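Colleague: build me a model:
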Amino acid sequence: MPEKRVMSPLPGMPESEAEKVEVVSSKEQWSVYSLNDGTTIQIKPTLTEVWRFSGLFDPEGNPIYQTKAILVQTVSSPPDLRKKG
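Modeller: Reported below is the predicted structural model:
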């Protein structure tokens with residue numbers, strides 16, 4: 001049986017019942033940023049929880065979801081910026 005809880009979809013909105021939805025597949029891609037000091041930063045969000053609100057819909061009729069995610073990051077800097085020793 002899916003986990004359920006009562007929570008607010010956004011601050012200031014009334015609370016509504018939500019059901020936890022399992023992620024069955026994902027395709028997580030890195031966003032890559034090159035900085036003017038030669039550093040490259042890669043980031044990607046990774047979902048940890050997804051909740052679907054009962055009876056709440058956006059203007060196109062899609063159910064309202066709330067997600068929780070972490071942001072994974074890698075950094076690659078040139079040798080002159082790295083800690084010595």
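
Colleague: which residues in the protein form strands?
Modeller: For the chain, the strands defined by DSSP state E cover 4-7, 16-20, 31-34, 40-57, 63-76.

Colleague: low pLDDT regions in this protein?
Modeller: Within the chain, no range satisfies pLDDT under 70.

Colleague: so what's the residue positioned nearest the centre of the chain bridging to?
Modeller: The chain has A69 as the residue nearest its centroid, 3.4 Å off, counting by C-alpha atoms, centre = their mean. With DSSP bridges applied, A69 shows beta-bridge pairing to L47.

Colleague: isn't it up against P45?
Modeller: Yes. Applying C-beta atoms under 8 Å as the test, A69 and P45 come out as touching, 4.5 Å apart. Yep, even glycine has a C-beta here, placed from its N, CA and C like the rest.

Colleague: related to what we said a few turns ago, list the contacts of the residue nearest to the centre of the chain.
Modeller: 45-48 (C-beta atoms under 8 Å, 6 or more residues apart in numbering).

Colleague: same check, this time on E17
Modeller: So E17 contacts 4-6, 53-55 (C-beta under 8 Å, 6+ apart).

Colleague: at 6 Å what do you get?
Modeller: By C-beta atoms under 6 Å, 6 or more residues apart in numbering, the residues touching E17 are 6, 54.

Colleague: same check on the one 4 residues further on?
Modeller: V21 makes contact with 50, 52, according to C-beta under 6 Å, 6+ apart.

Colleague: what about 7 Å?
Modeller: Counting by C-beta atoms under 7 Å, 6 or more residues apart in numbering, V21 touches 50-52.

Colleague: which one (most neighbours) among these?
Modeller: W51 (19 neighbours; other C-beta atoms under 10 Å).

Colleague: my read: that residue touches V23, true?
Modeller: No. With contact defined as C-beta atoms under 7 Å, W51 does not count as touching V23 (11.7 Å).

Colleague: overlap in contacts, the two.
Modeller: When C-beta under 7 Å, 6+ apart defines a contact, no residue borders W51 and V23 alike.
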